[in-house]
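J.: Sequence and computational prediction follow.
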Amino acid sequence: MEASSLMISKAARLGYINDRKPSRNSISLTHLQFADYTLCFIEDDEKSIANLKRVFRWFKVCSGMKINFAKGSIAGIKIEHSLVEHYARRIGCGVEVLPITYLGLPLGDRIGKIRLRNKALLAKWLWRYGEEKRALWHRVVREKYGKELGEWKAGVPVRGRGSAAWRSIASICGCFDQYIRFCVGKGDEVRFWLDLWIGDTPLCQKFPNLFRLVVKANVMVSEYLIRDGHHGRGVWDIRLRRNLKENEIESHRVVKDVGIPLLSAG
């Protein structure tokens with residue numbers, strides 16, 4: 001599917017397809033892809049319709065994959081229904097009337113919301129990556145791009161390299177992390193400063209001045225925790241680049257008093 005995505009994008013750049021803009025000042029939107037589904041957005045002109053079908057035919061020839069246009073459908077946004085039917089005959093597909101359901105999500109005539117929905121679908125794949133650690137696709141992605149945070153998050157592809165699909169998924173990691181609250185578990189997959197695992201905000205945001213002094217920003221919870229063998233309790237070993245100033249001691253004391261999690265053994 002990545003090849004078809006690149007072909008559609010190139011056809012739009014070369015002017016063979018007039019893509020759709022959600023609003024006057026927004027960037028162009030040609031298509032969205034999720035698994036085996038492709039959703040295209042083009043202006044209502046004969047040339048674009050014909051060339052879009054040519055792109056899919058070329059993809060069929062190059063890839064050897066079958067494309068059944070009869071399983072597809074077309075819907076118009078603020079254009080005559082008779083014109084939509086005409087385009088459907090040109091493509092050889094069905095006709096639908098908005099609102100429709102796409103991948104279980106309602107889709108109306110407000111294109112701007114589609115980007116938000118697409119981001120939600122990409123976030124779903126990030127969640128699945130963290131959950132499906134034994135799945136074959138998880139292992140393939142991990143081997144290809146490396147890993148961050150143990151098995152929870154894969155490395156981000158270098159720009160211009162790797163799968164365009166995974167680059168799109170990885171591009172929303174920052175946004176995705178804002179809505180995730182971690183269970184500490186063994187503590188080796190949760191970052192002490194950067195992840196939300198205690199309180200309402202990550203500790204790096206709650207104590208920014210102290211965070212700037214730490215030796216390692218990406219440190220895991222388990223790396224800071226030292227167990228007291230005599231009493232079974234633990235203390236935080238927070239390593240800083242320099243000695244604290246008087247106005248920084250209080251923040252350090254508060255962080256040191258952060259509740260010690262009960263780390264799981266396996």
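T.: Nice, thanks for sending it over.
J.: Grab the most central residue of this structure for me.
T.: Here the mean C-alpha position of the chain is nearest to the C-alpha of residue 169 (CA atoms, centre = their mean), at a distance of 3.4 Å.
J.: buried stuff in the one helix or strand that one maps to?
T.: For residue 169, the element it lies in under DSSP states H and E is helix 164-170. Residues of helix 164-170 classed as buried under the neighbour-count rule (16 or more other CB atoms under 10 Å) are 165-170. All C-beta atoms are positioned from the backbone trio N, CA, C, and that covers glycine.
J.: what's the answer for stretch 92-100, then?
T.: So, applying 16+ other CB under 10 Å, buried residues of stretch 92-100: 93, 96.
J.: That one - what's its average pLDDT?
T.: Taken as a whole, stretch 92-100 has an average pLDDT of 86.
J.: go on, stretch 139-158?
T.: Within the predicted structure, the mean pLDDT of stretch 139-158 is 71.
J.: can you pull out the strands in the stretch 51-200 of the chain?
T.: Assigned by DSSP state E, counting those that start in this stretch, the stretch 51-200 of the chain shows strands spanning 73-74, 94-95, 100-102, 105-107, 147-148, 153-154.
J.: Where does pLDDT dip in the stretch 151-266 of the chain?
T.: 151-162, 228-233, 260-266 (pLDDT under 70).
J.: give me that answer again for 80
T.: Counting by pLDDT under 80, the stretch 151-266 of the chain has low-confidence residues at 151-168, 170-180, 227-235, 257-266.
J.: Show the end-to-end separation of stretch 209-217, please.
T.: Across stretch 209-217, the terminal residues are separated by 13 Å (CA to CA, to the nearest Å).
J.: in that stretch, what counts as buried?
T.: Within stretch 209-217, the residues scored as buried using 16+ other CB under 10 Å are 210-211, 213-214.
J.: Can you name the residues in contact with it?
T.: Judged by CB atoms under 8 Å, 6 or more residues apart in numbering, the contacts made with stretch 209-217 from elsewhere in the structure are 193-194, 203-204, 223, 238-242, 244, 248, 251-252, 255.
J.: The residue nearest to the centre of the chain contacts residue 125, doesn't it?
T.: Yes - applying CB atoms under 8 Å as the test, residue 169 and residue 125 come out as touching, 4.9 Å apart.
J.: Same list, the buried residues of helix 164-170, but as JSON lines with distance to residue 17 please.
T.: Written out in JSON lines, the entries for these read as follows (distance: CB to CB, whole Å):
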{"residue": "165", "distance to residue 17": "21"}
{"residue": "166", "distance to residue 17": "25"}
{"residue": "167", "distance to residue 17": "22"}
{"residue": "168", "distance to residue 17": "20"}
{"residue": "169", "distance to residue 17": "25"}
{"residue": "170", "distance to residue 17": "27"}
